[in-house]
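A.B. asks: Mind folding the following:
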Amino acid sequence: MIRKIYLSAGVVMVFLIMNFGCKNQSDFTEPLFKKFHNEVFKHLDTAGYSPVFVNTISDQKTEINNIDFIAKYYAKRQNEPVFILKLLPNGGMKIMLDYFRRAPEHGLNPEVFNYYEIKKLVDKFYDKREITTPDEAYHTMALLELKTAESLIAYSNALQYGVVSPRKIFERYFTKTPRPDSTFMMKSFNIKDISEYLESIQPTNPDYLKLQNALKSNSVYPGLSLSETQRIIKLNLERLRWKNKPAAKTYVMVNIPDYTLQFVKNGSVQLKMKVCVGKGREQEVADTAENAGIIRNHQTPELSSMIYNAQVNPVWNIPQSIAKNEIYDKVRSDPDYLINHEIDVYDKRGQKMDADSINWDSIPKNKIPFNFKQAPGDDNSLGKIKFQFVNGSNVYLHDTPAKEPFSLKVRAVSHGCVRLEKPLELARALFGSGSQYSLIETRMSSPDSQPLDLAVEPPVPVFLTYITCFYNEQGKLVIRPDVYERDAVLYERIKKKLSE
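C.D. replies: Here you go, the predicted structure:
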């Protein structure tokens, strides 16, 4: 069932104070009798209904999601049964139920939206034998009103924002992703035409519609069972419901599990290339026998930002984690390691040091008192160019002298940054084919290795995302291995959310 939120005693008191003794603020007897021809409905009034609704809210306080929001709404309106009046007489409840029934088209269970409970309550109105006294009518109306409010809000939230919040699930998720607020939830109460409203909140993203079709047609991916295929499709439908998609016409998109980068302009893919991303759990454990079982967080984060700069012949400011876990051991076993790799050592004041004068045996591995920088050149780990964007993980897109990994099927080999197969082509996409690109091309091939910074104007949006199931350019369903085990995490969180 939908997540439970407890109703405070204060909210209940608001209902009790405002609603007992209310008199006929809405006449619902005539439309109900006219629709269902049940004589019981002739004897109903709001003064009898209101206290029953108050008690129903109190009884259901541990069962209803968004209970505080819902309770305050009805308190301000003297418990008027807005959904009973709007949807029951004109068949709108059945239209709503039909949409709930088709929730599996979105990979969701109709029961999440109280489909069976609401249907049973609605059916009572159509069968005169089910409601034979005013008291039965009041209780049926109150429960139906409350469940409808809850379920319409939940259905709207799920389709427009997703079932779960990725920011609460994934540690390395930094993409702006709005969640539903009171303004959005109020739309459920302001419905004028239920068909029009429910149709308006259906996702229209072309990628989403393609996965929906794959789900409905029981597509089976080679090497997987039907249930495995559908599980992955459902997880990626959820990802596509998150409001984190590019709104700009021009942007750079990296799909981590697919190990690809796309440059999109005016909705069309202008450039596609292979990339290498940060190591996953399996790649970390298999790194070396000595480090077996040691897990380091080298996963490339999910994020959104703006590419504002390209640096030709970049200097690599080596992170302390790499200095401790890699350089320290290498320099102790090979005194010429720093010189051979053009790595300079600086003290904490920024003064360059003579590496040969350092007694590395006396330096504690966990408290290295130096900073390391690799000079520009053919062996620089960042290659000949890097593209920078603001983010808290210190990652960027960059060239690399190590070209062999681009031939691998699993290209999770970096420390978290994104290595580019065709960096010069990305530069041309970002800068165009004019003088700035010509300068970049010249300097990247020149023996002069002085760094050169060029601003990307206007800055271009960049998205590092994680999609494990999609349709490719040839119209074929593609499923990629869950290299960071984020599908597994998402599945468990959705299952927990929908069972609360």
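A.B. asks: Which residues belonging to stretch 29-49 are considered buried?
C.D. replies: Going by neighbour count (16 or more other CB atoms under 10 Å), the buried part of stretch 29-49 is 29, 32, 33, 36, 38, 40, 41, 44, 45, 46, 49. Heads up, the C-betas are built off the backbone N, CA and C, glycines and all.
A.B. asks: Now the last one: closest residue in space, sequence neighbours ignored.
C.D. replies: Distances taken as CB to CB, 6 or more residues apart in numbering put residue 138 closest to residue 49, at 5.1 Å, once the chain neighbours are dropped.
A.B. asks: for the one you found, what are its contacts?
C.D. replies: Taking CB atoms under 8 Å, 6 or more residues apart in numbering, we find residue 138 in contact with 44, 48, 49, 52, 53.
A.B. asks: all strands for the stretch 51-200 of the chain, in order.
C.D. replies: In the stretch 51-200 of the chain, the segments counted as strands under DSSP state E, counting those that start in this stretch are 173-174.
A.B. asks: cool, and the stretch 201-350 of the chain?
C.D. replies: Using DSSP E, counting those that start in this stretch, the strands of the stretch 201-350 of the chain run over 250-255, 260-265, 268-278, 302-312, 316-318, 343-347.
A.B. asks: would you list the ones you listed in TSV and tack on distance to residue 331 and mean pLDDT?
C.D. replies: Formatted as TSV, those follow (distance: least, CB to CB, whole Å; pLDDT from 0 to 100):
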stretch	distance to residue 331	mean pLDDT
strand 250-255	33	98
strand 260-265	34	97
strand 268-278	24	97
strand 302-312	26	97
strand 316-318	12	84
strand 343-347	9	83
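A.B. asks: Output those in a markdown table; the columns should cover distance to residue 380 and mean neighbour count.
C.D. replies: Below are the strands of the stretch 201-350 of the chain laid out as a markdown table (distance: least, CB to CB, whole Å; neighbours: other CB atoms under 10 Å):
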| stretch | distance to residue 380 | mean neighbour count |
| --- | --- | --- |
| strand 250-255 | 22 | 20 |
| strand 260-265 | 20 | 19 |
| strand 268-278 | 16 | 18 |
| strand 302-312 | 11 | 20 |
| strand 316-318 | 6 | 16 |
| strand 343-347 | 10 | 17 |
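A.B. asks: mind putting those strands in TSV, distance to residue 109 included?
C.D. replies: Formatted as TSV, those follow (distance: least, CB to CB, whole Å):
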stretch	distance to residue 109
strand 250-255	28
strand 260-265	33
strand 268-278	34
strand 302-312	27
strand 316-318	50
strand 343-347	56
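A.B. asks: Which one of these lies nearest to residue 359?
C.D. replies: Among those, strand 343-347 comes nearest to residue 359, with 12.8 Å by CB to CB.
A.B. asks: Show me what that closest one is packed against.
C.D. replies: helix 337-340, strand 352-353, strand 370-374 (3 or more CB pairs under 8 Å, 6 or more residues apart in numbering; DSSP states H and E).
A.B. asks: chain center to stretch 89-96: distance?
C.D. replies: Offset of stretch 89-96 from its chain centre (CA atoms, centre = their mean, to the nearest Å): 33 Å.
A.B. asks: which of the residues in it are buried?
C.D. replies: Neighbour-count burial for stretch 89-96, counted by 16+ other CB under 10 Å, picks out 89, 92, 93, 96.
A.B. asks: next one: stretch 144-160
C.D. replies: Those would be 144-160, for stretch 144-160 by 16+ other CB under 10 Å.
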